[in-house]
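Asker: For reference, the sequence and a predicted model appear below.
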Amino acid sequence: MSGSDDKTIQFRLPENKSTGESETFGERLRRRRQELIDAEMPPALTWQSKARNLSAIVVESPHASASIARKSAEAARALGGVSCILFASDLPPFQNALGAEYSSEPLLAEDEVHFRGQPVAVIVAIDLATCQRAASLIEIDYHVTPGILTLDHAITMSSFHGETKTCERGDASKAINQSAKNLRGSLSIAPQRTCLEGGTKITVKPLLDGIGFTIHASCLLPTAVRSAVAKTTDVPESNIHIEPVDLPGPIGSLETEPVRLASLAAHAVKRCGSSVTLHVTSPHSPLAGGTRHRTKAQYEVGFEKDGTINGVKMDLTLEGGWYAANSENAVDRALLHADSVYDFPNLSISAKLCQTNRTVSSSLPAEGAAQGTWATEDVIQRVAEATNLSSREIREKNFYTEGSQLKTTPYGQPVDTEAISRVWNKALDRSKFRERAKAVTEWNTKNSCYKRGIAALPIKFGIGDPRSDRNAAAAIVQILADGSVIVRVGLVNTNDGLDAQIREEAANLLGVEEEAIRVILNDFDSLPRATSIIGTDASGLILRALEDACGRLTKRLREVAFQMFAARGQTEIEMEAIRFSRGAVRTDSTGNAPLHFKEVIEGALRKRVSLIENGYHRTPNLWWDPELGAGWPFTSFTYATAVAEIQLDAFTGEIQILRVDIAHEGSPSANQGDRDFAQLMRAFTLGSGWMLSEIATDPENEHADLCPIEERIPGFADAPFQIVTDRLRPRGSPKTAPGDPCGEAPVLLAGSVREALLEALRSIGFNTNLNIDLPLPATPPQILTLLKEISKKQDKKDAN
Amino acid sequence: MQSSFTFELDGEDCRVERENTHRTLAGFLSELDPCFAHFATDASWRGGHLVVLGDLEGDRQRFRAVDAQLLMLPMLEGRQVWTPEGIRNAEPDHPVNLALQNRHLECGQARGDAIVALMFEGYYRPDLQRHVQSNDQFDAIVTRSANIPAIREVAAQVFASGAQLRDEYDNKFTELEDRSTEGPGNKDIFEDRFTKNLFKIKPRASLSYVDDSKRRFHQPGNLVELLKLKREYPDAQFVAGGTELAQQSGKVSWGNLISLEGVKELNDIIITEGSWEIGAAVPLTEIAEEMGSECQAFSKVMCRFGSRAIRNRASLGGYLATAWEAGQLTPLLMALQARVILLSEEGERDAPISNFYTDGGGTILNPNEVIKSIIIPRYSEPSLSDRGVTARLCNTYTVAPRRTLCQPYVTGGFAVELRGKEVTKAWIAYSGINQHPVRAREAEQFLTGKQWGEKTVFEMLPILVDTVKVTDHRNEIAEADYRKQLVVTLFQKFLFHHPTPENIRPETLTATVDFAKLDQPFFEERSD
């Protein structure tokens, strides 16, 4: 084929908004270089500027909603040591935006601010103290406008992001009307807070003569940071190297805020030509801490006198903040979990996302799923009260069971009915539920001041992300000349022992010793795909990808070994019979001396066999269509039940969790070790903190000076006195079962603590007729106020 | 004046020269080696960066888990410090290291460190016997990522092995008079790499250290030297455990610091028939060990104070001098009728603790004075019957957002002395409701002479409501109201637990089901 026949079509990038032309990568790079040379924007990189490390801070909006009347930084710019001050107008045209996935939110506020903490300016100076001095000199005049701060306000104003999503089965309205009894209710779920541990610090350094960056940041999704920075600064993603900070646990960082901060820092670097460290110093800044989605559930339920529920209509409203980033996913998850483990024959669930004048809501483990499940549990509680039956009986009556007609969720994914009763019975038996419930009733009749409650809560949790594109992972396995192995994974290191699990699995698959394997997490330069650690079955996906890579490597090595055995005169062997184990390569037939793994590798190198493999796994057949309200959004479900017993001190409102029994189906990893158990406990602690102690921000008063969240998370001595867990293997081959279901589902189980608290309160006359809501979180001050209200209303009732 | 001193760091001598007197151990370590880089971050609300301090308390050698952020470097002179990293490396076969191998108790090394330090301290702790105590040992662990049941399980193994060694020793030397029931005591029971050097530690000697900026750190050896120094440097700041002061280092600069740790008279507990006289610089842990078994309320409130690492350093004198308005100890001290002995060159004076605090959040302590000791009366039956008192009911309750390591809402300390059923005297004290701890004198007076019981108390409650002022000084959601309610309900709780002198209702859980192994010892000692 001659060169002239070769019609190469050059790949062209999408049209550049500033020039109106589409260009190739090369053209764009040349143009960027030219821009730098023209010195229209930043100064050329000199060795001096490269050696400097400047500090930067963000000037945040103090108001939730306001228009900006005037911005002036003259005095601040004149201050010695200040390198530059950036307002929205100082950013290059079309670069003041975070991108479509963030509702095209501006990086720096232009004429209006829409939430407290919204960045208005960036100050870059030689040190932090100078930045802060300059910040005090900046003059910004705001005209404060009324904002939407609460969910109720947003609902009234019909302030929503996107469309309402629905999911239906049967005719709920008809069923409710035809039922013997029906009732309406609502539940408000306050959000839980999280924070970037150890303060927020993002360092961006110039790379490749200023047309690339190195980003050092603490974030949950490094690739999202990379993509956003590339887009907003108009450089190719390949020129951006990201070095994520190891996180202390899966909730030590945020998803969205680091994206914005890194983009701002990158703009500062472009402007100054030096590396810049952007600090968020105030722990109260919305840029340094996030909250879950505040949720309100309103429902209507129709049921029979025996507790059989005929129909449920439920509206879920989640607070999404000013712009929606990952919130749609939380809405989906709430919607998809609102059937919980119950086969309500007629069910109609709708979910929507509110737009409020607050910063974007963050995702913590079990985001959405917890809110959806707990809303349904509230329905069960109300029905139990109305029918005068125990909530246990109502649950058992309405489970998805083998005998019932429905074995799929309203959106069509099958449910393992046996698993539900298996975990339920296991937890009840293990906890001796009936005996203890009796003992608790006796205790409550004898004790007027210390009340106890015991309750069981079953859950079903969908593993994987309803956005099917997220359910994929890659791993690179490379065997070195001496037979040692490097495994690279694109996942933020949360120090939770996943690397050990990967090492163990890789050693098994390749038949080498664990010591020969080095696992590199955090490699986002080599890996074609990064895996998110919250909301996906991260370790399950990665282990499958690993299996894929190792499978192909061993196949190649088997051929090499076969030839080597043949060269030794051992021809009576079958290729498939060659096995790799503990550093040796053997055949089934006895008498054949095994080969050393290292020998086979040497052989492979001589034969020029490639010893590097990119493994990839995507969960097959996942889909979810919110418009149809149908799909197969999850890899599978994990089922669990928790029984919790609590004691309430009526003098002070303090609550102590006495005992928790958990039966959890999942955890099929080869070594049912500490890691799974630790994950399970971590998630349960997270949930019980949400239930009992971690107060969220006050929606009405954004300025309320709250204590640091670290002061409210449950401590060692607040843990249940006794914790019993049964980890059951799911049915079927562990190979096809998910790998990492312990990290999120137990958050939902913490709902059992609230159920137990409700039981305890009932023993002192708490019921829905009193029209008092049980606050969430139920902190001691709130419980004592509640107790006071109960007795007041009861007195009034008695008087009447 | 010397410009250098040494301490032992992970088994090797570490010389400190010209370092700032205010420098904390955490700051020092973070620059010493990259493996300590995480010590640079502030972790005070997450339990701190814990290390183990080997020290001589009186005549007993002790390992104490302490927060490196709250230790100023000169305090370490002649002491032994083991970092968790050092513990891991020095003796891989140590029971703590063996038990922690391949266990996922926390995410990451920085967080696992606290567990290592506390586990290590617990192994050598003689008074750690029952499962329920592991809550107190590990209360410095406040994270969302701790695997608490697994920590408890590992702790039980480790503590049992420590207890077993002590038991074996006891059985071996049961006939000897000098056998130690107190941990390493004066004999090295453990004979490991760590205790070997611990037994070489000498009592604190006088130290005068000056840093590069001419700031001085004095550690006098006795009261005479102390008062002399105070005269010489009137502006000098006293420091005992340093848990309060070290938090301010970096923000405030003191030209002269006078450490009370070496002053012998301030570090003794003198026990007489009628009272405990507790030296102002004695750490809280040591006090609890000394008087906790006799005064249950004291050990109870101690479990809610700070965290183990803070209690290991904080002293009663330091606690009083800082006049913490929400401090949990004061109400009980008031109910116990404790007295504070203040000392200056002019002489000694003493004051009941109820008069120690002044309006506006201060104390009666003069600038030239030092708290010498706190006298807590012991209420033995003979001493009460001498006064015609048939029973003394005393208890304290503290309410906080969580069990430890947080600012409590309210603490109440109550006592009533009874002659038959008649109240001869009452003490009702609170902290956390005002700028300083207060006593409800009107309510106390009302109770005096009345019959102890529900009727009297219910008549008294309105007086409590009217006379005890609650100020909203912390501006937190709904908290002032809550505090106001607690003033009443805590006293009701006291009545509930002590309805009559004969009938004391237990506070602990009398469970309908047996919760874990809370009451079981880690190690069953042999019955012979």
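Answerer: Thanks, I have it.
Asker: Give me every residue in the stretch 151-300 of chain B lying close to chain A.
Answerer: Where the stretch 151-300 of chain B comes near chain A, counting by Cβ under 8 Å from any Cβ of the partner chain, the residues are residue B:151. For the C-beta atoms, the positions are set from N, CA and C on the backbone; glycine is no exception.
Asker: Got the domain ranges for the chain?
Answerer: Just going to use chain A. Chain A breaks down by automatic domain parsing into domains covering A:9-40, A:45-146+A:196-281, A:426-453+A:637-800, A:472-618.
Asker: Not quite, go with chain B.
Answerer: B:7-198, B:207-263, B:268-497.
Asker: Please tabulate those in CSV, including the columns mean pLDDT and distance to residue A:726.
Answerer: Below are these laid out as CSV (pLDDT from 0 to 100; distance: least, Cβ to Cβ, whole Å):
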stretch, mean pLDDT, distance to residue A:726
domain B:7-198, 88, 13
domain B:207-263, 90, 43
domain B:268-497, 92, 28
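Asker: can you redo these as TSV with distance to residue A:625 and mean neighbour count?
Answerer: Formatted as TSV, these follow (distance: least, Cβ to Cβ, whole Å; neighbours: other Cβ atoms under 10 Å in any protein chain shown):
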stretch	distance to residue A:625	mean neighbour count
domain B:7-198	35	20
domain B:207-263	56	18
domain B:268-497	43	20
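Asker: any chance of the ones you listed in a markdown table, plus distance to residue A:154?
Answerer: Listed next are these as a markdown table, based on distance: least, Cβ to Cβ, whole Å:
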| stretch | distance to residue A:154 |
| --- | --- |
| domain B:7-198 | 29 |
| domain B:207-263 | 42 |
| domain B:268-497 | 22 |
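Asker: Please, where are all the helices along the stretch 401-528 of chain B?
Answerer: With helices called from DSSP state H, counting those that start in this stretch, the stretch 401-528 of chain B shows them at B:441-447, B:454-467, B:479-497.
Asker: Run through who's touching the second one.
Answerer: When contacts are defined by Cβ atoms under 8 Å, 6 or more residues apart in numbering or on different chains, helix B:454-467 is touched by residues B:423, B:428, B:440-443, B:446-447, B:450, B:484, B:487-488, B:491-492, B:495, B:499.
Asker: what stretches of chain A score poorly on pLDDT?
Answerer: Counting by pLDDT under 70, the ranges of chain A that qualify are A:1-21, A:32-33, A:35-45, A:195-199, A:405-406, A:589-591, A:666-673, A:697-710, A:730-741.
Asker: what's the burial count for residue A:48?
Answerer: As a burial measure, residue A:48 scores 9 neighbours (other Cβ atoms under 10 Å in any protein chain shown).
Asker: list the buried ones in the strand or helix carrying it?
Answerer: Following DSSP states H and E, one finds residue A:48 within helix A:47-51. By neighbour count with 16 or more other Cβ atoms under 10 Å in any protein chain shown, helix A:47-51 contains the buried residues residue A:49.
Asker: quick one: it to chain centroid distance?
Answerer: Put simply, helix A:47-51 sits 39 Å off its chain's centre (Cα atoms, centre = their mean, to the nearest Å).
Asker: Could you do stretch A:49-63 as well?
Answerer: With Cα atoms, centre = their mean as the basis, stretch A:49-63 stands 29 Å off its chain's centre.
Asker: export that stretch as CSV, just CAs?
Answerer: Provided in CSV are the C-alpha atoms of stretch A:49-63 (Å, rounded to 0.1, in the frame of the first residue of the first chain):
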residue,chain,number,x,y,z
SER,A,49,9.0,30.9,39.3
LYS,A,50,9.3,27.1,39.3
ALA,A,51,11.1,27.2,42.6
ARG,A,52,8.4,29.3,44.3
ASN,A,53,5.5,27.8,46.1
LEU,A,54,2.7,30.3,46.6
SER,A,55,-0.2,30.0,48.9
ALA,A,56,-3.8,30.7,48.0
ILE,A,57,-7.1,31.1,49.7
VAL,A,58,-10.7,31.4,48.4
VAL,A,59,-12.8,34.3,49.3
GLU,A,60,-16.2,32.8,50.1
SER,A,61,-19.6,34.3,50.0
PRO,A,62,-21.0,34.9,53.4
HIS,A,63,-24.6,34.8,52.1
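Asker: in it, what counts as buried?
Answerer: Applying 16+ other Cβ under 10 Å to stretch A:49-63 flags A:49, A:54, A:55, A:56, A:57, A:58, A:59, A:60, A:61, A:62, A:63 as buried.
Asker: Mind giving me the packing neighbours of the helix or strand hosting the third one?
Answerer: Assigned by DSSP H and E, residue A:55 belongs to strand A:53-60. Identification of packing neighbours for strand A:53-60 by 3 or more Cβ pairs under 8 Å, 6 or more residues apart in numbering or on different chains; DSSP states H and E yields strand A:119-125, helix A:128-137, helix A:257-272, strand A:275-280.
Asker: So the helix or strand that the last one is followed by, near chain B or not?
Answerer: Read it as strand A:275-280. Next in sequence after strand A:275-280, counting helices and strands by DSSP H and E, comes strand A:289-291. No - residues of strand A:289-291 are not located near chain B by Cβ under 8 Å from any Cβ, the shortest gap being 13.5 Å.
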